[in-house]
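K.L.:
pasting the structure only:
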């Protein structure tokens, strides 16, 4: 995704999200975001989109072999979890800080 300005997303590393589309769709099970790839518009979520990767032996991994790891999924396929349900987010400025607020419950998101 090449744009002039860097996009702003409401999802950050360490947030809890639910997967709303794809093979791992589950609207009731929150999962943790491991990494946000802003330039690509993707996120890596714990336990979602598991792929097998064949690795050669190296100094760190002397055996090599088949490794299972999470692949990136589109950021539009996840929704922030506010503690009870998946929700959309609005931003509000208070005392110079931007707060994320759940649109469904109206509560702040940590």
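P.N.:
That came through, no problem. Remember, predicted model here, so these are calculated numbers, not experimental data. Residues are numbered from 1 along each chain as shown.

K.L.:
Can you tell me the closest non-neighbouring residue to residue 78?
P.N.:
Spatial nearest neighbour of residue 78, excluding adjacent residues (C-beta to C-beta, 6 or more residues apart in numbering): residue 17 at 4.2 Å. Bear in mind the C-beta positions are built from the backbone N, C-alpha and C, glycine included.

K.L.:
same deal with residue 25?
P.N.:
Distances taken as C-beta to C-beta, 6+ apart place residue 19 nearest to residue 25, at 5.3 Å, with adjacent residues excluded.

K.L.:
and the one you found, what is it in contact with?
P.N.:
25, 26, 31, 45, 48, 73, 77, 78 (C-beta atoms under 8 Å, 6 or more residues apart in numbering).

K.L.:
Next, format those residues as CSV and append neighbour count and secondary structure.
P.N.:
Below are those laid out as CSV (neighbours: other C-beta atoms under 10 Å; DSSP: H, G, I helix; E, B strand; the rest coil):
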residue, neighbour count, secondary structure
25, 12, coil
26, 11, strand
31, 19, strand
45, 25, strand
48, 23, coil
73, 19, strand
77, 19, helix
78, 23, strand
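
K.L.:
pLDDT and distance to residue 86 for those residues - can I get that in a markdown table?
P.N.:
Output for the contacts of residue 19, formatted as a markdown table (pLDDT from 0 to 100; distance: C-beta to C-beta, whole Å):
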| residue | pLDDT | distance to residue 86 |
| --- | --- | --- |
| 25 | 95 | 11 |
| 26 | 94 | 10 |
| 31 | 97 | 11 |
| 45 | 97 | 13 |
| 48 | 95 | 14 |
| 73 | 97 | 15 |
| 77 | 97 | 12 |
| 78 | 97 | 9 |
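
K.L.:
The residues you listed: which two are farthest apart?
P.N.:
Farthest apart among those by C-beta to C-beta are 26 and 73. That separation is 13.0 Å.
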